[in-house]
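J.: coords please:
(2 chains)
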Amino acid sequence: MIARIALAALALALAGPALAQEVAVINGKVVIGDGSPPIDNATVLVRGGKVVAAGKGIAVPPGVKTIDAAGKWVTPGLVLAVTDLGLVDVGAVDESNDSGAEKAPFSAALDISAAINPAAQPIAISRHAGVTRAAVAPLGTNAIFEGQGAVIDLGVDSRPVTVPRAFQYVELGEDGARLAGGSRVAAYAVLRNALAEAREIAAAPAGSRRTDVLLTRGDAAALVPVVTGRQPLYVHVERAADIRMALSLKSDFPLLRLVIVGASEGWLVAADLAAAGVPVLATPLNDLPARFEQLGATQSNVGRMAAAGVKVALGAYGGMSPAITQYAGNLVGLTRIPRATGLTWDKAFAAISSGPAEAMGMGERFGSLRPGRAGDVVIWDGDPLEAQSGVVAVYIDGVEQPLGNHQSRLKERYATPGEGSLPKAYDW
Amino acid sequence: MAPRTILAASAAFALAFAGTGGATAKDKKKDESAAVKAARDFDKNPFPSTYRPYPSHPTLITGATLFDGKGGRIDNASILLRDGKVAAVGGALADMAVPADAVQIDGTGKFVTPGIIDVHSHLGVYPSPAVEAHSDGNEMTSPTTAQVWAEHSVWPQDPGFSRALANGGITSLEILPGSGNLIGGRSVVLKNVYSRTVQGMKFPGAPYSLKMACGENPKRVYGERKQMPSTRMGNFAVDRATWIKAKEYRAKREAGKLEERDLAMETLAGVLDGEIKVQNHCYRADEMAQVLDMAKEAGYKVSAFHHAVESYKIGDLLKANDVCSAVWADWWGFKMEAYDAVPENAGLLYKAGACVIIHSDDENGIQRLNQEAAKAQGAARRAGIAIPDEEVVRWITLNAAKAIGVDAQTGSLETGKMGDVVLWNGNPLSTYSRPEKVWIDGALLFDAADPKRRPVSDFELGQPGEGDVK
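T.: So this is what the prediction gives:
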């Protein structure tokens, strides 16, 4: 029965534009998501699809739909930075997977916003895990530039892309070396050449190019916003030395807006990162020397960077589980381990909400429940960073989202084992 | 099966491995050739465990909440470790003969569980760093390679063992060959104690298991080479043909007509003899059901289906066949055969009365099996299936031990069992909890408060982060 209603809601939501964008969630334990502590018995008021106010003593205007969240936690939607959400149905089913384009004639010019599928199950399943926004990155061309990523929302509607061409993505560690022809030396040569070619186009957009260029015009033109500082450049590096090299690019290309992705050895260069003011989207909990470029990996990486003043948030998770809250929870757990460095609960939650939003340059748009941010609200049945907790309701831009998906339908069908008077296939 | 029966069966395994040869004296003919003797009376344990428990002090933990691994919970519990064993467990300290020199630990506000056991790990065979030179987990040169033994690929210096100990409280683990082949080879069960040699890590008396795989992986690996199997029906055909050969081999051996040893057939015959368990990588419910029939046809038993993301569809069948499902909490959708995975898998299996194990198959996941179990518990609760913490802890302790045949020695906190114990700084089913101390056979091998009481593998010496908290 519940499932039928969810399906009906799904059909309705897919059919037309967003419905009510007003809601007041009352009596919940409210997490603003900006690093401040949770507020008991508080209210979140969303109107016109945006947060109007969150906290105590907020009057709910008459006529606004009220949700009682007593005993529950209320947070901003989670922000998943650097993911393939929306590009993939099943990772290992190639034809359903648009995250890579190894045989494409273009690299930097690739614009993944064209491929985002809001109906893909991974989006539905991440939404059910409390994720409402994501920075979708292309990962896997035959060049160090992977192309232009997009910022999306996970709402059930036909407009998933919040910001197309939100960033360019480049590989500069072991992966970059391989893609550039076999070494980091080659990767830096390719990178510097590419940015130089982009500069030439920026200087004379309609002019003819030199005859010995390496990049197609499309790829070079796509790097113009990067070299002129209009589009952030996400740089995937893990090794301390690689992070230092990436930061040094600013001396030759001062307008670059770098965001460091991965950064397993970030703690070893935390002072440099902090001084540069460059945001870091760190893969959390890496603690193995999985590659030579991350020999110094430790779960304390994020905590140590944060303590050193680095603008660090969590991202680039990889893995098979949608539970990014578990990563943040583990960083809280580290605060109780002698010699380890973690994050307070408040900072840990910010590291999966406002933190990644700010790293993406979207902190004014979403990622917290501060006034004016998108009405992305999640209600949880317990502490969201606890492994046992789950999502009760999700709002995106103030619109309640259906939480049914392939998994929930299977769970309902197989709640009781064995066939009934008809095969299971008739139970839907 | 009653616990006593399991104990007896496990003891039989241990005995079988201690001796040499399966044939009894009355089968032997006086005039048989040396070749026949060699083929029948071979050494079944040519790489014997040299593991010895490290020195331990009698240790008493008091005032903790204790999950015993077999579904019990004791509040304000006391547990005494002595001579490497669990000497006493209970609520009343008065009943215990505590040695005067025992190390006493106040466990107030803390939790005690058996050492955590992962039945599905590739530590050592796919170690860190994950460079090509270390890729030793899949002998993908033939779809059946029953002749290979995982222990010959294990690199005992894999830094992953230390992370599993310190962050996950892992005290025993089964290392499996990968799933590229239908029959991947023998597993090895290890104590999570660094050693210069693999033999020095081997769990004394643990039976071997055979790794099998159904589904996408084998048919993809060999299908891409235009070789059999390239389909699921090819998978079964190759498996069945292999079991038929194994039966013939065994019959010939028993008849005293075998004149040549065959390492692959020795392993398969060991399965048919009931001495070697079967750990079967399998995702889909329909395939698991067919594997169960194949096992009946060939005459062996599947101990556990691994990954088993669709087990929830056939919980009744798995219960009836007494087969465990070793599952992830919430891995989903990364390949076609994982598309029907649900986070309620463990909970629905539990509700059906089937055996549940949470496994990792991952060098990171093995550091958080307790949290994975907690996620599955939470998903079950939201589906209306309430499972007490002490039952959930069984999924990563005694059930795991049972599936790999070491439940008589470890996996629960009972008098006389190995002193494999984790003291957690909070409820192990919380994201915020970590091991504070870990004992293996009574020896303190991890102590969060002591920087030196944490292993650092050879690989990490002199490199960035040596001895760091990790």
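J.: make it CA atoms for all contacts and neighbour counts henceforth
T.: Will do.
J.: Chain B contacts on the stretch 101-250 of chain A?
T.: By the rule CA under 8 Å from any CA of the partner chain, the part of the stretch 101-250 of chain A lying against chain B is A:P122.
J.: residue boundaries of the helices in the stretch 101-250 of chain A?
T.: Ranges of helices within the stretch 101-250 of chain A are A:121-128, A:174-180, A:184-203, A:217-222, A:224-227, A:240-252, based on DSSP state H, counting those that start in this stretch.
J.: Show me the shaky parts of the chain.
T.: By default, I'm working from chain A. Within chain A, the stretches with pLDDT under 70 are A:1-19.
J.: Chain B is the one I meant
T.: Low-confidence segments of chain B, defined by pLDDT under 70: B:1-31, B:92, B:94.
J.: what's the distance between the closest residue to B:L413 other than its chain neighbours and B:A213?
T.: In this structure, B:L413 finds its nearest non-sequential neighbour in B:D68, 5.0 Å apart by CA to CA, 6 or more residues apart in numbering or on different chains. To B:A213, B:D68 is 33 Å away according to CA to CA, to the nearest Å.
J.: and if you look at B:S457?
T.: Noted for B:S457: a distance of 31 Å to B:A213, by CA to CA.
J.: Just want to know which of these two has more residues nearby.
T.: B:A213 (25 against 18; other CA atoms under 10 Å in any protein chain shown).
J.: ok, the more buried one touching B:C282?
T.: Yes: applying CA atoms under 8 Å, one finds B:A213 in contact with B:C282, separated by 6.1 Å.
J.: and the helix or strand hosting B:Q371, which residues are buried?
T.: Secondary structure assignment for B:Q371, by DSSP states H and E: helix B:369-382. Neighbour counts over helix B:369-382 (16 or more other CA atoms under 10 Å in any protein chain shown) mark B:369-382 as buried.
J.: now for that helix, which elements pack on it?
T.: helix B:345-351, strand B:356-358, helix B:389-394 (3 or more CA pairs under 8 Å, 6 or more residues apart in numbering or on different chains; DSSP states H and E).
J.: What residues does the stretch 151-300 of chain B have near chain A?
T.: B:P159, B:G160, B:R163.
J.: Let's see which of those end up in strands.
T.: Using DSSP state E, no member of these falls in strands.
J.: Now, those that are in helices?
T.: Residues of those located in helices (DSSP state H): B:G160, B:R163.
J.: Next, format the residues of the stretch 151-300 of chain B next to chain A as TSV and append neighbour count.
T.: As requested, these are arranged in TSV below (neighbours: other CA atoms under 10 Å in any protein chain shown):
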residue	neighbour count
B:P159	26
B:G160	26
B:R163	24
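J.: one step back: can you redo the helices of the stretch 101-250 of chain A as JSON lines with mean neighbour count?
T.: Formatted as JSON lines, the helices of the stretch 101-250 of chain A follow (neighbours: other CA under 10 Å):
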{"stretch": "helix A:121-128", "mean neighbour count": "24"}
{"stretch": "helix A:174-180", "mean neighbour count": "21"}
{"stretch": "helix A:184-203", "mean neighbour count": "19"}
{"stretch": "helix A:217-222", "mean neighbour count": "20"}
{"stretch": "helix A:224-227", "mean neighbour count": "22"}
{"stretch": "helix A:240-252", "mean neighbour count": "17"}
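J.: can you tell me which strand in chain A is longest?
T.: Per DSSP E, chain A has its longest strand at strand A:161-171.
J.: For the longest helix along chain B, which outside residues touch it?
T.: Identified as the longest helix of chain B according to DSSP H is helix B:232-254. Residues outside helix B:232-254 that contact it (CA atoms under 8 Å, 6 or more residues apart in numbering or on different chains) are B:23, B:27, B:36, B:39-40, B:182-183, B:214-216, B:218-219, B:228-229, B:258, B:265, B:268-269, B:272, B:294, B:298.
J.: Inside strands: which ones of these?
T.: Per DSSP E, the contacts of helix B:232-254 map to strands at B:I183.
J.: To what extent is the residue nearest to B:L413 buried, counted in neighbours?
T.: With other CA under 10 Å as criterion, B:D68 counts 25.
J.: Also the one 5 residues further on?
T.: Counted with other CA under 10 Å, residues neighbouring B:R73 total 20.
J.: That one against B:V393, yeah?
T.: No: here B:R73 lies out of contact with B:V393, judged by CA under 8 Å, at a distance of 10.0 Å.
J.: could you check the angle helix A:184-203 makes with the longest strand of chain A?
T.: Interaxial angle of strand A:161-171 relative to helix A:184-203 (axes from the mean of the first three to the mean of the last three CA atoms, to 10 degrees): 130 degrees.
J.: what are the C-alpha coordinates of strand A:161-171, in PDB please?
T.: Provided in PDB are the C-alpha atoms of strand A:161-171 (Å, rounded to 0.1, in the frame of the first residue of the first chain):
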ATOM      1  CA  VAL A 161      21.400  20.200 -13.500                       C
ATOM      2  CA  THR A 162      21.900  23.000 -11.100                       C
ATOM      3  CA  VAL A 163      25.100  24.300 -12.700                       C
ATOM      4  CA  PRO A 164      26.400  22.800 -16.000                       C
ATOM      5  CA  ARG A 165      30.100  23.100 -16.700                       C
ATOM      6  CA  ALA A 166      30.700  23.800 -13.100                       C
ATOM      7  CA  PHE A 167      34.300  22.700 -13.100                       C
ATOM      8  CA  GLN A 168      37.100  21.100 -15.100                       C
ATOM      9  CA  TYR A 169      38.800  18.000 -13.800                       C
ATOM     10  CA  VAL A 170      42.400  17.100 -14.300                       C
ATOM     11  CA  GLU A 171      44.500  14.100 -13.200                       C
END
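J.: tell me what it is packed against?
T.: strand A:145-153, strand A:233-237.
J.: which residues sit in contact with A:E102?
T.: With CA under 8 Å, 6+ apart, A:E102 has these contacts: A:G140, A:T141, A:N142.
J.: how far away is the second one from chain B?
T.: By that I understand A:T141. Distance, A:T141 to chain B, using CA to the nearest CA, to the nearest Å: 20 Å.
J.: Identify the spatial nearest neighbour of that residue, chain neighbours not counted.
T.: Nearest to A:T141 is A:E102, by CA to CA, 6+ apart, at 4.3 Å.
J.: How about B:I61?
T.: Going by CA to CA, 6+ apart, B:I61 has B:I105 as its nearest residue, at 4.7 Å.
J.: List the contacts of that neighbour.
T.: So B:I105 contacts B:T59, B:L60, B:I61, B:T62 (CA under 8 Å, 6+ apart).
J.: quick one: which helix or strand includes the residue positioned nearest the centre of chain B?
T.: In chain B, the centroid-proximal residue (CA atoms, centre = their mean) is B:V119; its distance is 2.7 Å. According to DSSP H and E, B:V119 maps onto strand B:116-121.
J.: Could you count how many residues lie near the closest residue to B:Q409 other than its chain neighbours?
T.: Closest residue to B:Q409 apart from its sequence neighbours, by CA to CA, 6+ apart: B:K417 at 5.2 Å. Neighbourhood size, B:K417 [other CA under 10 Å]: 20.
J.: Now do the same contact list for B:K417.
T.: So B:K417 contacts B:K85, B:V86, B:A408, B:Q409, B:T410 (CA under 8 Å, 6+ apart).
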